[in-house]
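**Q** need coordinates for the following:
(2 chains)
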Amino acid sequence: MPRAVVPVPAAPPVIVNALRKNRSATVGVAIVGALLLFALLGPLLSSHDPYESDFVRGISPDKLPVGPSSTFWLGTDRLFRDELVRLAVGARLSLFIGIAATLIATAIGGAVGIIAGWFEGRLLDAALMRIVDIGLAFPFLLLVMALAAALDRTTPTTILLTLGLTGWLGTARIVRAKTMQLRNLDFVTASRALGQSTPGIMLRHVLPNVAGPLVVVATVSVAQMILAESVLSFLGGGIAPPSPTWGHMLFEGQDYFTAAPWISLAPGLAIMASVLGFNMLGEGLRDALDPRKQ
Amino acid sequence: MRSIRASSERLRAGARALSAALAVAVAGCSNELPAPIPAADPNGSIAYPSLPNRGGMLTTSSFGDIRTLDPANIGDGLVPQILQSMFAGLIDYDVKGRIVPDLADHWTVSEDGTSFRFVLREGVRFHDGEELTADDVKRSVERALHPSSPNPYASYLASISGFAPFAAGKAEHLDGVRVDGRYVVTFKLDAPDAAFLPLLAMPPLRPVCRSGGSRYVDTWHPCGAGPFKLLPGGWDRGRQITVVRHEGYFRLGLPYLDAVRTLFHVNFTSQRFKFTSGEQDILRDFLSPDLLKFQADPRWKPYGEYELDKQVAGLAMNTEMAPFDNIELRRAISSALDRQQLTLIRAANMRPANLPVPPDVEGYDATLKGQTFDLTAALEHMKRAGYAYDPVTRTGGYPTPIPYTTYSQGIDEFMVQVTMQQLARIGIRLDVRIVNYATFLALRGRRKQVAFGPAFWTQDYPEAGSFLEPLFHSRSINDEESNNSAFYSNPRVDELVDRARHELDAARRKKIYGEAQEIICDEAPWAFTHYYRFYAQWQPYVRGYKPHPMATTDPTRVWIDRVAGPVASRAVFSGDVYAKLFGDSPHGAPRRGPR
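**A** The predicted structure is shown next:
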């Protein structure tokens, strides 16, 4: 029986060890972990309601939002609501949308990429890749904004669907290339000779072998999705208020940047940290899963 | 070990750099305003201490733009301000809001209030040098009211005799405007109309040059008899407009300025920095925190002033749609709004509103109670509406979220979030839908489209009827583009508004309008939230400036008293046009003394 000459995905303990040794990945894991923790426990840090204005303690004598204090750790926003608790609720929304949209995009991109790669050169491959080409011809953010503008109502579900359904194109291209490499390898030919069906080979042999790059792309994609959602919300195409998404919080603070910079700085830094964290984690995973670096 | 130490050093260095960057960013957002640019001579000009300087250019900016520049087609809010400097009317408002003669030397009114005889000044010249006569007045009025003119004011002037057949295209001329001599023109009305003079003082009926023709055409080059005129090339659409002094202006010695320039599409932050650096002379578009800072700064305080309240805003409830066909629910919402809290969102511009007519408009009555915040009453109205709510157990209330349609990136996007908090206290939840502004306007004016949403209105003329008729008279209900966006109809209100308009006695008119306002406040087609007023801030070197009660900025008597110096924004004005207008005279160095 011919032996597969293909990079076999590393076993989980090996990946963990490789991640541990990779400084970028360590920082990425720490940032992402901290963000997840903040999203889960952040609302407990404050006794304030994220949706309720405090017209007594949250407003300064000159009728501006109050800055950071022991009552409001991150100050209040332009509607005199606690910035910290809104940031935490915003973390839940932003991370949920980023991760859920990435799952959708990865599932679609992975499936399309495997099918197109398997049927390389045939009509199905050509049709799928032309769709990808057309999609990639539009700048991602522009496409997402156009779709969001066309929606009658924007909710977390519609936003994550919009992002997920438009964010799979690059993934499909990468997975297709990887599948094209795999389909001519001996172990795949052997499986075919043994009578295994095409869907079976795709699921049992191709999918596990493209899983590594898929995970890396997905991790980086979370950062892109969070950024895209923030841009959408900043430009008014995101989730309707009063839901506190980071992008919308940034938008709400822009008029007050000289007088109350904390309103913009807090969500701005949160967006920056999450994008940085997921990108560093993705890079670390890429290195950890690269057999040449093991 | 060494590498770990080195990397932690690098991390610490990175953290220090990030902290420093943040500190710089925060420090860059300094709260301090720059000092005002002083006048060259605080007491007057150097050569002639009591006389204004002649020359120089006044620069203003706006976030908005203009699409037309014709009195017969005022489509944008900024247009009247620019028309004010280019077109003079028979009468005008002075800075105290009184109607005064302008092109008319004087006028008389018949005892029954239906005939107005205007005697024109002799020797008034249009921008093209032609003399203004009574024929020009009649021609300009007919041009503005002809059905071919897209004049939004036309229907307000239906009281002029012969308007109906003329507006229907069945008559060649408007019988109610009669030329009684080279300099005498008489307006005849079918019935007394309290709004006639205020309307005549506004830009739509102002005389235009003979080149404007007797019918509206949108290719006409704007030409009137105002203090400033537009030269070819002076209007760079979408960017700026510069009007220059009309040397033949009928008020001798005026205007003082060589030119007035208005820049378009300048965002609020840019305007603020242009203004404080002296590139822009007057500032009206403020970010809320900036305005609070200017008002609190004693160096700037003497050079700022509120304009009149001309805008009312609120929440319109479509009386033809559920659940707002239930009057008790409307009353509950009206009572549940804490207007003091709502106006804190933009405290420097908003004042709590309890009536449909703003305080600075004739017909406002401070003795009326209007709509007020009363949570107990609101809960009682909810009970009567059939949606009793217990605020302790938080049970009951309206069973489903009420759709609320608003527009993106505007003040209501913030106000609705506080409104939601306040309505939640009486068991009402909102389902907010945000659309772009154009879609919002289209939906709001369409029958049975928007149940609940923001509404606002700015006066067309300074009289209560300018609010009550378009917003609450059943005549203003249309299937599309309905000004009455609550689709509110009450025969008694209709009758009162019509009666008030024909009542010439100001005290009696105010009483009739008051009765109409009480009914409207009680039946609550709108829950009034705030009056909006602009604040104007100018540099100390801008002399003689006073916000105009109707046109915002009237530069006729403004002069620049500034030490000569380069102005960076001069580049906006193309070199050719600049040379044509000013020769070699450098901008920013006005000539001293009168001519």
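
**Q** which element, helix or strand, includes whichever residue of the stretch 51-200 of chain A sits closest to chain B?
**A** Here the stretch 51-200 of chain A gets closest to chain B at one residue, residue A:63, 4.2 Å apart by C-beta to the nearest C-beta. (Each C-beta comes from the backbone N, C-alpha and C, glycine too.) Per DSSP states H and E: residue A:63 is located in neither a helix nor a strand.

**Q** contacting residues for it?
**A** When contacts are counted by C-beta atoms under 8 Å, 6 or more residues apart in numbering or on different chains, residue A:63 touches B:292, B:344, B:347, B:348.

**Q** ok, residue B:284 next?
**A** Residue B:284 makes contacts with B:60, B:62, B:534, B:535, B:536, B:537, B:552, as judged by C-beta under 8 Å, 6+ apart.

**Q** can I get those in TSV with pLDDT and distance to chain A?
**A** TSV is the format used below for the contacts of residue B:284 (pLDDT from 0 to 100; distance: C-beta to the nearest C-beta, whole Å):
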residue	pLDDT	distance to chain A
B:60	96	21
B:62	93	17
B:534	93	17
B:535	96	14
B:536	96	20
B:537	97	16
B:552	81	22
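
**Q** any idea how far the residue nearest the centre of chain A lies from residue B:518?
**A** Nearest to the centroid of the C-alpha atoms of chain A, with distances taken as C-alpha atoms, centre = their mean, sits residue A:222, at 1.3 Å. According to C-beta to C-beta, to the nearest Å, residue A:222 and residue B:518 sit 59 Å apart.

**Q** kindly report the same for residue B:253.
**A** Applying C-beta to C-beta, the value for residue B:253 to residue B:518 is 50 Å.

**Q** repeat for residue B:132
**A** 45 Å.

**Q** the two - which one has more neighbours?
**A** Taking other C-beta atoms under 10 Å in any protein chain shown, residue B:132 and residue B:518 do not tie; residue B:132 has more neighbours (24 against 17).

**Q** which residue sits closest to the more buried one, ignoring its sequence neighbours?
**A** residue B:124 (4.2 Å; C-beta to C-beta, 6 or more residues apart in numbering or on different chains).

**Q** now swap in residue B:547 and tell me
**A** Closest to residue B:547 by C-beta to C-beta, 6+ apart is residue B:307, at 4.5 Å.

**Q** swap in residue B:526?
**A** Closest to residue B:526 by C-beta to C-beta, 6+ apart is residue B:314, at 4.1 Å.

**Q** with residue B:248 instead?
**A** Leaving aside its chain neighbours, residue B:248 sits nearest to residue B:125 (3.8 Å; criterion: C-beta to C-beta, 6+ apart).

**Q** before we move on, back to that, show me the contacts for the residue nearest to residue B:526.
**A** With contacts defined as C-beta under 8 Å, 6+ apart, the neighbours of residue B:314 are B:353, B:454, B:455, B:456, B:526, B:527, B:528, B:529, B:530.

**Q** my guess is residue A:264 contacts residue A:250. True?
**A** Yes. Taking C-beta atoms under 8 Å as the definition, residue A:264 is a contact partner of residue A:250 at 5.6 Å.

**Q** quick revisit: hang on, the residue nearest to residue B:248 packs against residue B:131?
**A** Yes. Using C-beta under 8 Å, residue B:125 is in contact with residue B:131, at 6.1 Å.

**Q** do I have it right that the residue nearest to the centre of chain A meets residue A:98?
**A** Yes. Using C-beta under 8 Å, residue A:222 is in contact with residue A:98, at 4.7 Å.

**Q** worst mean pLDDT across the helices and strands of the chain, which element?
**A** No chain specified, so I'll use chain A. When the helices and strands of chain A are scored by mean pLDDT, DSSP states H and E, helix A:12-21 comes last with a mean of 72.

**Q** run a quick neighbour tally on the residue in the stretch 401-550 of chain B positioned nearest to chain A.
**A** Using C-beta to the nearest C-beta, the closest approach of the stretch 401-550 of chain B to chain A is made by residue B:408 at 3.8 Å. Neighbour count for residue B:408, taken as other C-beta under 10 Å: 19.

**Q** ditto for residue B:263
**A** The burial count for residue B:263: 21, using other C-beta under 10 Å.

**Q** now do the phi/psi pair for the residue nearest to it when sequence neighbours are not counted.
**A** Leaving aside its chain neighbours, residue B:263 sits nearest to residue B:61 (4.2 Å; criterion: C-beta to C-beta, 6+ apart). Per-residue torsions, residue B:61: phi -140, psi 160 (degrees, to the nearest 10).

**Q** tell me how far residue B:61 lies from chain A.
**A** Per C-beta to the nearest C-beta, to the nearest Å, residue B:61 is found 17 Å from chain A.

**Q** can you check residue B:385 too?
**A** Distance of residue B:385 to chain A, computed by C-beta to the nearest C-beta: 25 Å.

**Q** relative to residue B:403, how far out is that residue?
**A** Relative to residue B:403, residue B:385 is positioned 18 Å away (C-beta to C-beta).

**Q** show me which of those two is the more surrounded one.
**A** The residue with more neighbours, out of residue B:385 and residue B:403, is residue B:385; 20 against 15, by other C-beta under 10 Å.

**Q** residue B:397 versus the more buried one, what's the distance?
**A** Residue B:385 is 10 Å from residue B:397, by C-beta to C-beta.

**Q** could you do residue B:139 as well?
**A** To residue B:397, residue B:139 is 61 Å away according to C-beta to C-beta.

**Q** kindly report the same for residue A:51.
**A** 17 Å.

**Q** before we move on, what about residue B:210?
**A** Residue B:210 is 66 Å from residue B:397, by C-beta to C-beta.

**Q** same deal with residue B:345?
**A** With C-beta to C-beta as the criterion, residue B:345 and residue B:397 are 25 Å apart.

**Q** low-confidence regions, chain A specifically.
**A** Chain A contains residues with pLDDT under 70 at A:1-15, A:152, A:291-294.

**Q** residues from chain A in reach of chain B?
**A** A:23, A:51-53, A:55, A:59, A:62-64, A:78-80, A:149, A:152-154, A:236-237, A:240-242, A:252, A:255-261, A:265 (C-beta under 8 Å from any C-beta of the partner chain).

**Q** which of these are buried?
**A** Listed as buried from the residues of chain A next to chain B are A:51-53, A:59, A:63-64, A:78-80, A:154, A:236-237, A:240-242, A:252, A:255-261, A:265; burial here means 16 or more other C-beta atoms under 10 Å in any protein chain shown.

**Q** and stretch B:423-443 with chain A, contact?
**A** Yes. Stretch B:423-443 reaches chain A (C-beta under 8 Å from any C-beta) through B:432, B:433, B:434, B:436.

**Q** farthest pair within those residues?
**A** The two members of those with the most space between them (C-beta to C-beta) are B:432 and B:436, at 14.5 Å.

**Q** between those two, which is the more surrounded one?
**A** Remark: of residue B:432 and residue B:436, residue B:432 carries more neighbours, 23 against 14, as counted by other C-beta under 10 Å.

**Q** thinking again about what came up before, biggest separation within the contacts of residue A:63, which pair?
**A** Spatial extent of the contacts of residue A:63 (C-beta to C-beta) is set by the pair B:292 and B:344 at 11.4 Å.

**Q** can you report how many residues lie near the closest residue to chain A within the stretch 151-300 of chain B?
**A** Among the residues of the stretch 151-300 of chain B, residue B:289 lies closest to chain A, at 3.3 Å counting by C-beta to the nearest C-beta. For residue B:289, the count of nearby residues is 21 (other C-beta under 10 Å).
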